[in-house]
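In: what follows is a predicted structure for the sequence shown.
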Amino acid sequence: MEDLHHAETPATDIPPRFHTGRLPNSKSGDGKPRLLLMGQRRSGKSSISSVVFHKLAPSETLYLETTTHIKKESMHSFMDFQVWDFPGHLDYFDPIIDTENIFQEIGALIWVIDAQDEYLDAIQRLNTTILNLHHTYPTINVEVFVHKVDGLSDDYKSDTFRDISQRVQDELADHGYDNAPVSFYSTSIYDHSIFEAFSKVIQKLIPQLPALENLLNNLCQTCRVEKAYLFDIMSKIYIATDTSPTDIASYEVCSDYIDTVIDISEIYGWDRPAEDGSAELLETGNDDAESLVVFERKGSHYLYLREINKYLALVCIMNDEGPGEKKALLDYDVRRFQEGLKEMFPRTDRDVPPTEGAASGQPSG
Ligand SMILES: Nc1nc2c(ncn2[C@@H]2O[C@H](COP(=O)(O)OP(=O)(O)OP(=O)(O)O)[C@@H](O)[C@H]2O)c(=O)[nH]1
């Protein structure tokens, strides 16, 4: 991840070679989907972006200043995308604002609602935005984060969540927009829910997701893996998992494990050189980082982690005896998985067909 905390515009001139697919509403074709963080003042937009993409400790967000202008950041990871943080007071449909420029490359509109505050105004603004946009940009994913739920009791939390989602859908239906493509997530920066919500938002931008899930399902079946997550290492967003039911507890365990790996790799890690020895950014795939951890009782659950490439790591949860015995089979299947993934996400110059990719700045997937 690039740490461009105060960047006005994405300051990288690295072409978006790693993008996974072209956006349906992309006009300029720079191929970097945008995640727009919108919502009322003090709803928590900058905190979310700082915690998820800059590793800011949640308690430090208390000292964040109000955003006064659109803050654009470029993320360079397994796929390139941008995060635009909007000031809460901005009227997006003011004639002086170039709405086309804002919305044309959009991957997802994330609307943050403070669940601890009075939220009727926020809902009204959200609905006005959706209604204004849906004719011109019908493919926009609207993702509503019912945020700061950490301060609410369990009952109140689910009541608030239900009330907000119901009101949004009802008001849109009253304006003749039935079944609007709006998804809702209960989030807080003080637990893993914000990472889980972001995972789901990002997954919708990956056209190869069904194929990825298939690969993970196969892996789970052949190696009797209970749950497998493919993580973006730096952000701890999981870009895919197998299709068995997901529970937040297993995600938390895997995600904490990624933290440990990051800590260790900060001490012992190294930059992968390109095959021609030039730019460090071209990764060549690496299968050196691996780890197997047994936890709780012996023979109960254990975790298996393998670095898939510079950005991605596979973490599996397994539940049977003899992790050591099965390791050879798992290693073999994970290597196959790694090869499958390389074909799906061509990354090096050698992998990208000559007519696509870096030179044109077009997405390669
Ligand atoms: N309890 C709780 N507080 C949060 C959470 N997320 C953000 N906050 C707090 O909410 C306050 C406002 O957060 P900001 O991130 O500055 O809000 P913003 O939406 O960017 O505000 P503007 O820049 O004015 O548009 C800060 O004091 C944060 O610590 C959360 O999940 N739970």
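Out: Yes, it's here.
In: use CA for all of it now, contacts and neighbours both
Out: Noted.
In: what strand or helix carries whatever residue of the stretch 251-365 of the chain ends up closest to the ligand?
Out: Among the residues of the stretch 251-365 of the chain, E252 lies closest to the ligand, at 16.6 Å counting by CA to the nearest ligand atom. Element membership of E252 [criterion: DSSP states H and E] is helix 248-268.
In: contacts for that helix, please.
Out: Applying CA atoms under 8 Å, 6 or more residues apart in numbering, the contact partners of helix 248-268 are 192-193, 196, 229, 233-234, 236, 303, 315-317.
In: please redo it, this time with the cut-off set to 7 Å
Out: Counting contacts by CA atoms under 7 Å, 6 or more residues apart in numbering, the residues outside helix 248-268 that touch it are 192, 233, 236, 315.
In: number of residues surrounding the second one?
Out: By the other CA atoms under 10 Å criterion, the neighbourhood of I233 contains 23 residues.
In: coming back round to it: rebuild the contacts of helix 248-268 as JSON lines, extending it with pLDDT.
Out: Written out in JSON lines, the entries for the contacts of helix 248-268 read as follows (pLDDT from 0 to 100):
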{"residue": "H192", "pLDDT": "90"}
{"residue": "I233", "pLDDT": "82"}
{"residue": "K236", "pLDDT": "85"}
{"residue": "V315", "pLDDT": "89"}
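In: if you count neighbours, what's buried in the helix holding E252?
Out: Within helix 248-268, the residues that qualify as buried by neighbour count (16 or more other CA atoms under 10 Å) are 251-252, 254-255, 257-258, 261.
In: and the residues you listed as JSON lines, adding distance to I70 and pLDDT?
Out: Shown next, in JSON lines, are those (distance: CA to CA, whole Å; pLDDT from 0 to 100):
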{"residue": "Y251", "distance to I70": "32", "pLDDT": "87"}
{"residue": "E252", "distance to I70": "32", "pLDDT": "87"}
{"residue": "C254", "distance to I70": "34", "pLDDT": "86"}
{"residue": "S255", "distance to I70": "30", "pLDDT": "86"}
{"residue": "Y257", "distance to I70": "34", "pLDDT": "83"}
{"residue": "I258", "distance to I70": "31", "pLDDT": "80"}
{"residue": "V261", "distance to I70": "34", "pLDDT": "71"}
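In: lowest confidence element among the helices and strands of this protein?
Out: Taking mean pLDDT, DSSP states H and E as the measure, the helix or strand of the chain with the lowest value is strand 290-294, at a mean of 55.
In: C-terminal to it, what's the next element?
Out: Per DSSP H and E, the first helix or strand lying C-terminal to strand 290-294 is strand 302-307.
In: please name every helix or strand in contact with that next one.
Out: Counting contacts by 3 or more CA pairs under 7 Å, 6 or more residues apart in numbering; DSSP states H and E, strand 302-307 is packed against strand 290-294, strand 312-318.
In: what angle separates the last one from helix 248-268?
Out: The reference is to strand 312-318. 130 degrees (axes from the mean of the first three to the mean of the last three CA atoms, to 10 degrees).
In: strand 312-318 pairs with which strands, parallel or anti?
Out: If you go by DSSP bridges, strand 312-318 pairs up with strand 225-232 (antiparallel), strand 302-307 (antiparallel).
In: next one: the longest one to chain centre, how far?
Out: It refers to strand 225-232. Averaging C-alpha positions (CA atoms, centre = their mean, to the nearest Å) puts strand 225-232 15 Å from its chain's average.
In: following that strand, which helix or strand comes up?
Out: Next along from strand 225-232, by DSSP H and E: strand 237-241.
In: just want the angle from the helix holding E252 to strand 237-241.
Out: Angle of helix 248-268 versus strand 237-241, following the same axes, to 10 degrees, is 120 degrees.
In: who in the stretch 1-150 of the chain is up against the ligand?
Out: Within the stretch 1-150 of the chain, the positions near the ligand by CA under 6 Å from any ligand atom are 41-47, 61-62, 64-67, 87-88, 147-148, 150.
In: ranges for the strands of this structure?
Out: Along the chain, the stretches classed as strands by DSSP state E are 34-39, 71-76, 80-85, 106-114, 141-147, 182-186, 225-232, 237-241, 290-294, 302-307, 312-318.
In: for L172, which of those strands is the nearest?
Out: Ranking the strands of the chain by distance to L172, with CA to CA as the measure, places strand 182-186 first at 10.3 Å.
In: as CSV, the strands paired with strand 312-318 with mean pLDDT, mean neighbour count and distance to the ligand would be great.
Out: Formatted as CSV, the strands paired with strand 312-318 follow (pLDDT from 0 to 100; neighbours: other CA atoms under 10 Å; distance: least, CA to the nearest ligand atom, whole Å):
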stretch, mean pLDDT, mean neighbour count, distance to the ligand
strand 225-232, 90, 23, 22
strand 302-307, 82, 22, 29
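In: CSV please, covering these and showing distance to P210.
Out: Formatted as CSV, the entries for the strands paired with strand 312-318 read as follows, by distance: least, CA to CA, whole Å:
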stretch, distance to P210
strand 225-232, 13
strand 302-307, 21
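In: okay, now S50: neighbour count?
Out: For S50, the count of nearby residues is 19 (other CA under 10 Å).
In: correct me, but it touches L56?
Out: Yes: applying CA atoms under 7 Å as the test, S50 and L56 come out as touching, 5.5 Å apart.
In: what residues does the stretch 151-300 of the chain put near the ligand?
Out: 151, 188-190.
In: ok, so of those residues, who is nearest T246?
Out: For those, with T246 as the reference and CA to CA as the criterion, the closest is S188, at 18.5 Å.
In: what sits closest to the residue in the stretch 151-300 of the chain positioned nearest to the ligand if chain neighbours are left out?
Out: Taking CA to the nearest ligand atom, the ligand has its nearest neighbour within the stretch 151-300 of the chain at S188, 3.4 Å off. Ranked by CA to CA, 6 or more residues apart in numbering and with sequence neighbours excluded, the top spatial neighbour of S188 is K148, at 4.8 Å.
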